[in-house]
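Colleague: Take a look and give me a structure for this.
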Amino acid sequence: RFTAYHRRSYICKAGLGDVLIGAAATIAEYNGVSRASHVRDKLVEMAYLNENIVGTSLAASHGSQATRAGNFQPDVLMANVCKHNVTRFPYEMARLAQDLAGGLVVTLPSDQDFASAITGPLLRKYLATVPEASVDNRRRILRLIENMTMGRNAVGYLTESLHGAGSPQAQR
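Modeller: Have a look, this model is predicted:
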């Protein structure tokens, strides 16, 4: 019974997904491509995947049944569907965010490079995009995407989504 409570609680991953979707939309704006149809399609897909996590979690709660003890047991099937979605959808969302970010998400020069009197001005010149986006803000959003999809926070968003509340095979 506990697993149904835990698996339907994965609605929390949708909050992280919202942050990633916002970061992906922001980097698309900063890169000057936010209106391109294929970019919009990727952002829509990210929202679709994220809201599927929300929907199955809510469905598991909505379908709860009262037990003899007076508490409510979530709908076990929908809780497992929610967890199954969580083992897959954040990874696809991370892939889409990295795609929208471009290669700079892994090749962005270090803070030391930007602080250098020699390389800093050149980096600021060649990494400038649209007038509304400063190079520093572009760097920040790229580091956020990097952190959520490959860095320290990827553990809580991706790896924990895969193995928390049991391995993917446990929901089958």
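
Colleague: any idea whether the residue in the chain sticking out farthest from the centre is helix, strand or coil?
Modeller: What lies farthest from the middle of the chain is residue 68; by C-alpha atoms, centre = their mean that is 38.9 Å. Here residue 68 is recorded as coil under DSSP: H, G, I helix; E, B strand; the rest coil.

Colleague: Residue 52 and residue 85 touch, don't they?
Modeller: Yes. At 5.5 Å, residue 52 and residue 85 qualify as touching, with contact defined as C-beta atoms under 8 Å. No exception for glycine: its C-beta is placed from N, CA and C like everyone else's.

Colleague: the more surrounded of the two?
Modeller: For residue 52 versus residue 85, neighbours defined as other C-beta atoms under 10 Å are more numerous around residue 85 (22 against 17).

Colleague: quick one: which helix or strand includes that one?
Modeller: helix 76-101 (DSSP states H and E).

Colleague: And the average pLDDT for that helix is what?
Modeller: Averaging pLDDT along helix 76-101 yields 95.

Colleague: Identify each buried residue in that helix, please.
Modeller: For helix 76-101, the neighbour count (16 or more other C-beta atoms under 10 Å) marks 76, 78-87, 89-91, 93-94, 96-98, 100-101 as buried.

Colleague: What of stretch 141-159?
Modeller: Applying 16+ other C-beta under 10 Å to stretch 141-159 flags 141-142, 144-146, 148-149, 153-154, 157-158 as buried.
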